[in-house]
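Engineer: just to be clear, the model below is a prediction. Sequence and coordinates:
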Amino acid sequence: MATVEPEIEKKFIEDSLGVTSQSFGEQITHTIWVEANKSPNISGSTFNKRLIVVGKCKILSIKRGAFGKSVELEFHLYNVSEICAESEDSFTIKYNGDNNEQLGITMKAPLEKLQILIRAIRTSYRRITCGFPETSMMKLNLPENKLIDFEVPLIMSSAHGFVDGYIAHSYYYPKVYKSVGTLDFIRLIDALYSNDVTEIDFTQMAGIEPSSELSFNLFTAITSLRNNTYFKSVNLSGLPHANIISAIGMCLETNKSITKLNLSNLRVEQSLQPLANGLVKNPSNVIQALDLSKNNIPYPIMATLCECFSKFSHGLVSLNLSKCDLLPKTISILFESFERNFGMSLAIKYLNLSHNKFGDIGSQAIGGWMAKIRGCHSLDCLVLANCNLNFQLMGPPLRVVDIARLDLSLNRIDRASAKILGNEVFDTVVNLCELNFSGCGMNADSLEDIFISFNRNRKIANISLNLSHNALGAREATLMSKSISGCRYLEALDISNNRLNCRSLIELLNAIKNIDQFNLHELNIANNYFAQGPEGDLLCQQLAHLINTFPTIRTLNISGGKYPLSKSLTPLLESLVKNNSLKELDISDNGLGDSMASIIGEMLRENTSLIYLNLDNNQFGLSGWTAIAQPLLFDINRTLNHLIFPKTLASAYTSTLIQNFASTLQSFGALPKDKRNQIISLFQKMQDKLAENRFETSVLDSVYVSEYYNKTPYTVHIPEDYVTPLVDVPEHLSSLPPPSSPTLFESVNNSGTISNTTSTTTTTAATVVATNSSSNVLQHSINMNNGGSNINTSNSSVGSVNNTGTTNNNVNGKQQQQQQLNGAGSSTPTVLAAPSGDRNQRSRSNSNSSTASSVISKRSNASTSAAPPRQLITQTSDWQPNEESEADIYDTSNNNSFVAYSTDDESDNYTQDSYDDNSSRKSKQQQLMRKSKPKSIKSNASVSSVKSSASIKSASSVKSASSVKSTSSVKSAPSVKSSNSVKSSKSSQKEVQPPPPIVINHEDDSEQEEEEQEEPKLEPYHEEEEEEEEEEENIESQTDQDEQVDFQEDDNERENNNLSDFHSDSQKVL
């Protein structure tokens, strides 16, 4: 049977299997005729003659009938869960269907044929499952006589089998993604593997842009990394694909080799929830450097990430969350997760949280964490640019941490903040080597405090100070001139982009010469108020004297910008002819012209020390560039490695002048075609000569390499095949109680507000309703389905998690609400997460939660296969944040007063107002309540009841008749009994205890208004409020008068009604 029509049969098989004409892809590895049925057991159905085809990725069952040939069964090897023996002459292949149902095929044949068939299946399977864990592999329940040895040993494809895995994944998703594996991508993997490169940078892939004609399947490439053990670093920054997060989330669920992950600046709006879910699912991940910058991370996603951080079994070395729209509460839970896992957070070397909103809460959170890790941390670089920091709260922690590189740029530093930083930080730190104060709005007073502290500190050494973009003027220059001479070991000074004129700069240069133990390496005075003429000439003479007198200066930046120096640079350039110390010079944007170009060319002939020279945008023409190029073209200068002129080069190629000055010089666009080609050819020859110089420099040892040109952001080096272990936590940290997890003790209700279950408040009907509704939302938010795999992180304190919802919790919530409405005067504290009076109910809730967890685990482990999740997300994430809820979640005010920072207070708690300081305020409001009339109290109570009923109506989870009845009873309370209710409410208010230390109010406006009606706020006393109270008293007195008139009118009307009734009765008697 197998020899009938071999040619036609082979062509049909290849078309059915998906064999391509390229050198990679699906191929036929074995074919055999057997007796088979479509059943996972031998007695399922009748056996028929079938051709079994084994490919590199798939298995086919082809039948041949009277009407031709057709494919009866087709399944991927990733879906195979088990191969078991039914009898001596048969075996069964069990696999998962498209809907995850259990299917199978049973085959009968002689033992020799079965042995060869099973070996072919095992050979293809092991090639595409390199690195897979045993729990994901198919099970072999076969006797030894059916298992024969492989023909050849396993030869893995490039990158530890990644290429074969990538091809198998490409055939696994044919219905979702039509394209198969890309040859260009496979060739790139081969090149990376041959050069021992373990970083896969998807931004450099051919065809990565969606508009490209090259069909590159990014989703398949990322998911192929699920079990790969070769690649250690993945870069996906700036890619515009919508399914990146879903793919990387699936990858991280099982990957145990990726140590660096860069997902910054994803250009498609998508949620990071699948990424967080993947990390939570895989506690064995080894992510040590995570970059999520320039992505929006709302509170729920950060809560999941924090839960993952708190469970890391290794150290986190680098974390970049800059420009992630983090708000104070989100930042607070981040550092709470650091405190829950000190072993992980003590290993952090680089932490970037710039361009986020810290405020008081965030400043207190990071301050508390830094105060606790003093003396036992690894933090080397902390970037907090543009974070709205409160230096009164985080000043002392900066001292005890003593970070080497600190970036506080774009934070407002006034005189008070400067005093705190000076007195509490900079006068005692030892390890500080880089300090960035750029754009901090500093003035002379602020600078004075900072420099005084540096002068007092005799232990600091080799510090780089950045004071750019601070609008520094003559007054600040005078103060710096008096103070800078005491800054020992000042290594770099950046005062660019300020308002310093030539006189102020000359004054500063004279002061810099007098620095004790002069060690200045870099000086940047670019983009200041330069001037041509005598002042500019004198400034350049001072610079020339400085660099020739102090050979430690290696970098000088004097870029002009709006105020060029032009020919005033002549003294400086002439002095460089014999200078042997300056390595880098930037004189761009100075409008030099061709006359100055000849001076630069002469300088390059004699100078042998310059490595880097920036001449961009200086109005050089063809003659000027020819004079500059001659020392390079004729091999006179062999030391210059970098000659920078990008704007000029663009001008030559695009025939467009890019410059800041009005000039009558001939532009490149006005040159004839042959002249333009001549200057372009000149630039190319210059670049070739510079490349030769760089090659010669790289061969030589102990040669200075340009730091200015190769300056890169701070990076943490992580050795390959090394996982940073958890740091040994000191006893004083391990003994601290860990903060509560936000995913367990906080819930997000329908309005988006956060209910903190640890706070103790007076429970009302509205809060009970909000609690029940928020628990329903939490069930939906916690049990998220990502890629077909359920994630169960529920807690019994929130209620039972099952497929039918929370019916029992709603019924019990209604009963509790009825009790609360009947006893409105009670002030018993109530935890909002679950009913507090039924222990049996809580035990039932725990059992339901555990049952649901077991059901989910059974479903997920029902069949073992190497297949990735079936439910794929191609456009957006499975979890979409509610914009309205996010706005409500982050609706916090920074105007609240908080307790001052104390290093002894290890809990780092906050209180909105002091209870003891407001006793007078409370007594005044109680007096106002005593003065009010019963009828006015009735009106206020009715308003409160209306608001309560409105809030009850807004909660969809509670609409029972009992609750409505109780609400109506509150609304219909008679005015005569209102005075008793006022007394009971006053007595309940007296029984209310002071609020606990942690009270962060995130309730909505309706609940706040109800609390205002129930009990007086604890606020500080102000004169303006006293005036408002007097106005309120006047209004109440006027209201009392109106009520008296109303009472009198009611009495008159009642008397008239009685008289009319009397007359009617008398008429009846008559």
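Structural biologist: Yep, it's here.

Engineer: domain parsing of the protein, as residue ranges.
Structural biologist: Structural domains assigned to the chain are 6-155, 158-231, following automatic domain parsing.

Engineer: tell me how far the ends of the shortest one are from each other?
Structural biologist: The separation between the terminal residues of domain 158-231, taken as Cα to Cα, to the nearest Å, is 11 Å.

Engineer: all strands of the stretch 151-300 of the chain, in order?
Structural biologist: According to DSSP state E, counting those that start in this stretch, the stretch 151-300 of the chain carries its strands in the segments 199-201, 233-235, 260-262, 289-291.

Engineer: residues touching the closest residue to residue 156 other than its chain neighbours, list them.
Structural biologist: Beyond its immediate neighbours in the sequence, the residue positioned closest to residue 156 (Cβ to Cβ, 6 or more residues apart in numbering) is residue 130, lying 5.2 Å away. For glycine as for every other residue, the C-beta is placed from the backbone atoms N, C-alpha and C. If you count contacts by Cβ atoms under 8 Å, 6 or more residues apart in numbering, residue 130 has them with 156-157, 160-162, 164-165, 227, 229.

Engineer: make JSON lines out of the strands of the stretch 151-300 of the chain and add mean pLDDT, mean neighbour count and distance to residue 518.
Structural biologist: As requested, the strands of the stretch 151-300 of the chain are arranged in JSON lines below (pLDDT from 0 to 100; neighbours: other Cβ atoms under 10 Å; distance: least, Cβ to Cβ, whole Å):
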{"stretch": "strand 199-201", "mean pLDDT": "95", "mean neighbour count": "18", "distance to residue 518": "42"}
{"stretch": "strand 233-235", "mean pLDDT": "96", "mean neighbour count": "19", "distance to residue 518": "42"}
{"stretch": "strand 260-262", "mean pLDDT": "96", "mean neighbour count": "22", "distance to residue 518": "40"}
{"stretch": "strand 289-291", "mean pLDDT": "97", "mean neighbour count": "21", "distance to residue 518": "38"}
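
Engineer: could those be laid out in TSV, adding distance to residue 29?
Structural biologist: Supplementary listing: these in TSV, determined by distance: least, Cβ to Cβ, whole Å:
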stretch	distance to residue 29
strand 199-201	28
strand 233-235	32
strand 260-262	36
strand 289-291	41
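
Engineer: of all those strands, which lies closest to residue 463?
Structural biologist: Comparison of the strands of the stretch 151-300 of the chain against residue 463 by Cβ to Cβ identifies strand 289-291 as nearest, at 26.8 Å.

Engineer: so residue 612 touches residue 642, yeah?
Structural biologist: Yes: between residue 612 and residue 642 there is a contact at 4.6 Å, judged by Cβ atoms under 8 Å.

Engineer: who's more crowded, those two?
Structural biologist: Residue environment comparison for residue 612 versus residue 642 gives the larger neighbour count to residue 612, 22 against 17, counting by other Cβ atoms under 10 Å.

Engineer: and the more buried one, its phi and psi?
Structural biologist: Listed backbone geometry of residue 612 is phi -130, psi 130, with angles given as degrees, to the nearest 10.

Engineer: how about the contacts made by residue 577?
Structural biologist: Counting by Cβ under 8 Å, 6+ apart, residue 577 makes contact with 602-603, 606-607.

Engineer: specify which member of those residues is nearest to residue 205.
Structural biologist: When the contacts of residue 577 are compared for distance to residue 205 (Cβ to Cβ), residue 607 comes out closest, at 42.8 Å.

Engineer: from residue 647, how far off is that closest one?
Structural biologist: Here the distance between residue 607 and residue 647 works out to 24 Å (Cβ to Cβ, to the nearest Å).

Engineer: looking at those two, which has the bigger crowd around it?
Structural biologist: Counted by other Cβ under 10 Å, residue 607 and residue 647 do not tie: residue 607 has more neighbours, with 22 against 17.

Engineer: neighbours of the closest residue to the more buried one other than its chain neighbours, just the number please.
Structural biologist: Residue nearest to residue 607 in three dimensions, not counting chain neighbours: residue 576, with 5.6 Å by Cβ to Cβ, 6+ apart. A count of neighbours around residue 576, defined by other Cβ under 10 Å, yields 23.

Engineer: cool, and residue 20?
Structural biologist: Neighbouring residues of residue 20 were enumerated by other Cβ under 10 Å; the total is 14.

Engineer: now it, what's its secondary structure?
Structural biologist: For residue 20, the assignment made with DSSP: H, G, I helix; E, B strand; the rest coil gives coil.

Engineer: wait, it sits on residue 55?
Structural biologist: No: in this structure residue 20 lies outside contact range of residue 55 using Cβ under 8 Å: 11.9 Å.

Engineer: between the two, which contacts overlap?
Structural biologist: What both residue 20 and residue 55 touch, as defined by Cβ under 8 Å, 6+ apart, is the set residue 26.

Engineer: hmm, back to that, narrow the contacts of residue 577 to just the buried residues.
Structural biologist: Applying 16 or more other Cβ atoms under 10 Å to these, the neighbour count classes 602-603, 607 as buried.

Engineer: in CSV, list those along with distance to residue 135, pLDDT and secondary structure.
Structural biologist: Written out in CSV, the entries for those read as follows (distance: Cβ to Cβ, whole Å; pLDDT from 0 to 100; DSSP: H, G, I helix; E, B strand; the rest coil):
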residue, distance to residue 135, pLDDT, secondary structure
602, 73, 95, helix
603, 69, 96, helix
607, 66, 95, coil
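
Engineer: picking that back up, tell me which of the domains of the chain is the most buried.
Structural biologist: When you average the neighbours per residue for each of these (mean count of other Cβ atoms under 10 Å), domain 158-231 leads with a mean of 18.

Engineer: re the thing from before, of all the strands of the stretch 151-300 of the chain, which lies closest to residue 426?
Structural biologist: Comparing these by their distance to residue 426 (Cβ to Cβ), the top pick is strand 289-291, with 29.7 Å.

Engineer: out of the strands of the stretch 151-300 of the chain, which gets nearest to residue 147?
Structural biologist: Closest to residue 147 of the strands of the stretch 151-300 of the chain, according to Cβ to Cβ: strand 199-201, at 36.3 Å.

Engineer: other SSEs contacting the closest one?
Structural biologist: On a contact count with 3 or more Cβ pairs under 8 Å, 6 or more residues apart in numbering; DSSP states H and E, strand 199-201 meets strand 233-235.

Engineer: mind listing the strands the strand it packs on pairs with, and their directions?
Structural biologist: Strands adjacent to strand 233-235 in the sheet, as given by DSSP bridges, are strand 199-201 (parallel), strand 260-262 (parallel).
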